[in-house]
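> Next comes the sequence, and after it the predicted model I'd like to discuss.
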Amino acid sequence: MPLCVTVFGGTGFLGRRVVRHLHDAGLGARVACRHPDAVPSLFSREVSGIEAVYADVNDDGSVARALAGAWAVVNTVSLYVERGKDTFHSVHVEAAKRIAVLARQAGAETLVHISGIGANAGSASPYIRSRGEGAAAVLDAFSSAKLVRPTVMFGPGDAFLTSLLAMLRRLPVFPMFGSGATRLQPVYVEDVAEAVVRILRAPAASQLYELAGPRVYTYQELLRTIATSAGTRPFLVPFPFSLWHVIGYVAEAFPSPPLTRNQVELMGQDNVSGSDAPGFEALRLSPQPIEIMFSG
């Protein structure tokens, strides 16, 4: 019987890829989520043996049940828009700590916690601050936990490259975030998922990993690269961050907002690997460039 890995957020953009890579590696995956009935439709028939269980990360009992008998745990849960009781602090700090505490009590050998490049407990941004505070809370509760900080992720169905591509195809004039000078190092979501599995299987390795793509772009360079791949040449116009914040505030009123204020805040700072923490090379992986999205 394969070792069981409980994946919180296993139906999300990164989480469902982690589940597939676990399966490919011969490990058992338990998807812990609020809507387990929806899990079978997310995975092909070839991905057998996936267990789906109900879990609300705000509830001790359901989290503990999802962790019972797990060899390892992966927490991919994140929040971009606060709704009611689901706040950045409740999800990124309190829930992350809850999972870590209960994983340790359940006897899990390894916990991989997904954070993000730029997470900073001292940031003025509630979103960025909560990611930093959450990582600290996890290590406080599960001292041997592994922290994974990816740069902005791209892949089919993402909220980044896919939406940029669609807008660049439609708009002859494209407003940039500020002057377009923010530096980005986009990383392929499948590469991050494979890295998580390798980290799980390398218990003696580093405690912190920064996962970034093979190339650093300015935002303007990235837009031109995407536009060229799409066969379009929009006119790129600088647009002040102050106005983007207003747009993000208004957009958050929609059920599925195309832009949020925290996304604007993230675009105001460089999103590149900037520490000595190991990355893909330590895991013997070569990250894919964004051109993989336009091939075939």
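Okay, I see it.

> C-alpha from now on. contacts and neighbour counts both.
Noted.

> so how far is Thr87 from the closest residue in space to Val93 that isn't next to it in sequence?
Excluding its sequence neighbours, the residue lying closest to Val93 (Cα to Cα, 6 or more residues apart in numbering) is Gly134, at 4.0 Å. According to Cα to Cα, to the nearest Å, Gly134 and Thr87 sit 13 Å apart.

> So the two - more neighbours on which side?
More crowded of Gly134 and Thr87, by other Cα atoms under 10 Å: Gly134, with 28 against 18.

> surely the more buried one meets Ile99?
No - counting by Cα atoms under 8 Å, Gly134 does not reach Ile99; the two are 11.0 Å apart.

> rewinding a little: the residue nearest to Val93 is in what secondary structure piece?
helix 126-141 (DSSP states H and E).

> Moving along the chain from that helix, name the first helix or strand you hit.
Using DSSP H and E, the next helix or strand after helix 126-141 towards the C-terminus is strand 146-150.

> Just want the phi and psi numbers for Leu165.
Main-chain torsions, Leu165, degrees, to the nearest 10: phi -60, psi -40.

> Just give me the neighbour total for the closest residue in space to it that isn't next to it in sequence.
Using Cα to Cα, 6+ apart and skipping the chain neighbours, the partner closest in space to Leu165 is Ile226 (6.5 Å). Using other Cα under 10 Å, Ile226 is surrounded by 22 other residues.

> which SS state does Ile226 fall under?
Put simply, Ile226 is helix when judged by DSSP: H, G, I helix; E, B strand; the rest coil.

> how near is it to Ala253?
Distance of Ile226 to Ala253, computed by Cα to Cα: 29 Å.

> cool, Leu283 as well?
In this view, Leu283 and Ala253 are 41 Å apart by Cα to Cα.

> in stretch 198-215, what's buried?
Neighbour-count burial for stretch 198-215 flags Arg198, Ile199, Leu200, Gln207, Leu208, Tyr209, Glu210, Leu211, Ala212, Gly213 (criterion: 16 or more other Cα atoms under 10 Å).

> out of the residues you listed, which are inside helices?
Among the buried residues of stretch 198-215, the members found in helices (DSSP state H) are Arg198, Ile199, Leu200.

> and which of the residues you listed is nearest Trp71?
Using Cα to Cα, Leu200 comes nearest to Trp71 of those, at 9.9 Å.

> one step back: so which of the ones in helices among the buried residues of stretch 198-215 comes closest to Ile247?
Using Cα to Cα, these come closest to Ile247 at Ile199, 39.0 Å.

> Wait, the closest one touches Ala205, no?
Yes - in this structure Ile199 lies within contact range of Ala205 using Cα under 8 Å: 7.5 Å.

> In contact with the residue nearest to Val237 when sequence neighbours are not counted, which residues?
In space, and not counting its chain neighbours, Val237 is closest to Pro175: 4.8 Å by Cα to Cα, 6+ apart. Counting by Cα atoms under 8 Å, 6 or more residues apart in numbering, Pro175 touches Leu236, Val237, Pro238, Phe239.

> Help me confirm that the third one is found in a strand?
Yes - under three-state DSSP, Pro238 sits within a strand.

> What's opposite it in the beta bridge?
Counting by DSSP bridges, Pro238 is bridged to Met176.

> wouldn't it be in contact with Phe177 here?
Yes - using Cα under 8 Å, Pro238 makes contact with Phe177 at a distance of 6.7 Å.

> who's more crowded, these two?
Shown here are Pro238 and Phe177; by other Cα under 10 Å, Phe177 has more neighbours (21 against 14).

> Can you verify my assumption that the more buried one contacts Ser242?
No - counting by Cα under 8 Å, Ser242 is not a contact partner of Phe177; they are 9.8 Å apart.

> now the helices: where do they sit in this structure?
Secondary structure of the chain (DSSP H): helices at 15-24, 60-67, 88-89, 96-106, 126-141, 161-170, 189-200, 219-230, 241-251, 261-267.

> Can you give the distance from the shortest one to the centre of its chain?
Distance, stretch centre to chain centre, for helix 88-89: 15 Å (Cα atoms, centre = their mean, to the nearest Å).
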